[in-house]
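In: from the sequence below, what's the structure:
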Amino acid sequence: MSPPKFAIDDRLKHDSLLLLEYQHCQLRLNKNATIPWAIIIPETDVVEYHELSQEMQFTITHLAAHISQMFKSEHGAEKINFAAIGNVVGQLHVHVVGRHANDPLWPDVVWGQALPEASYNASDVERIKARLQQALEAS
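Out: So this is what the prediction gives:
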C-alpha cells in the first residue's frame, strides 16, 4: 500500500493555484492578482521553518529567489516580503509577496486585509509556470 498523498490545508488550496512541484515543495500562486503573491508549501509535517532540514530551507529559499525575481521584473515589485506566519493556517507555508508603492495596501501589511479582486487568466498562469520552470532548469 502506498503512503497517502501529501495534503494541503483547504484554505491554502482554495486561495491559490498550483504552479509547480519542485523538490518536495509546492509553489502556488495566490488567486487574487491584485498583488503578486506566491506561497511555498513544503511537503512535510514540520510546523516551524527553523525545524526544517537545511536542504529543505535551501529549496524554499531557491524557489523564493526565482519567484521574487519574476515579481520584480514582470510586476514591478520594489520590495519582496518573505514570511512564514502560520497563525491562522498551522501548516507550514511561506509567503513571497511583491510590493510596490502603487499597490492598494502600500505600505500596510497584506495579511488579513481585503484586496480588490483581480483574477489571473489561464494564459497568465501558464506563462508564469513556464518562466519559473525555465529559470529552475537553468539554475
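In: CA only for contacts and neighbour counts going forward, please
Out: OK.
In: now stretch 38-49: buried residues?
Out: Across stretch 38-49, burial judged by 16 or more other CA atoms under 10 Å covers 38, 39, 40, 41, 42, 43, 49.
In: just checking, what packs against the biggest helix by length in the chain?
Out: The residue-count maximum for a helix in the chain (DSSP state H) belongs to helix 54-75. Contact here means 3 or more CA pairs under 8 Å, 6 or more residues apart in numbering; DSSP states H and E; on that basis helix 54-75 packs against strand 25-30, strand 37-42, strand 94-99, helix 122-138.
In: list the contacts of the third one.
Out: The contact list for strand 94-99, computed with CA atoms under 8 Å, 6 or more residues apart in numbering, reads 35-41, 64, 67-68, 71-72, 75, 77-85, 106.
In: export only the CA atoms of that strand, formatted as PDB.
Out: Taking C-alpha atoms only, strand 94-99 is exported to PDB below (Å, rounded to 0.1, in the frame of the first residue of the first chain):
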ATOM      1  CA  VAL A  94       6.000  30.600   3.200                       C
ATOM      2  CA  HIS A  95       4.600  33.700   1.600                       C
ATOM      3  CA  VAL A  96       6.500  35.600  -1.100                       C
ATOM      4  CA  VAL A  97       4.800  38.900  -1.800                       C
ATOM      5  CA  GLY A  98       5.800  41.500  -4.300                       C
ATOM      6  CA  ARG A  99       5.100  45.000  -3.100                       C
END
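In: just name the most buried of the helices and strands packed on helix 54-75.
Out: strand 37-42 (a mean of 25; mean count of other CA atoms under 10 Å).
In: tell me what that one is packed against?
Out: By 3+ CA pairs under 8 Å, 6+ apart, strand 37-42 packs against strand 25-30, helix 54-75, strand 94-99.
In: export those to TSV and tack on distance to residue 17 and mean pLDDT?
Out: Formatted as TSV, the helices and strands packed on strand 37-42 follow (distance: least, CA to CA, whole Å; pLDDT from 0 to 100):
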stretch	distance to residue 17	mean pLDDT
strand 25-30	5	97
helix 54-75	14	96
strand 94-99	14	97
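In: got a markdown table for those, with distance to residue 138 too?
Out: What follows is the helices and strands packed on strand 37-42, written out as a markdown table (distance: least, CA to CA, whole Å):
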| stretch | distance to residue 138 |
| --- | --- |
| strand 25-30 | 17 |
| helix 54-75 | 11 |
| strand 94-99 | 21 |
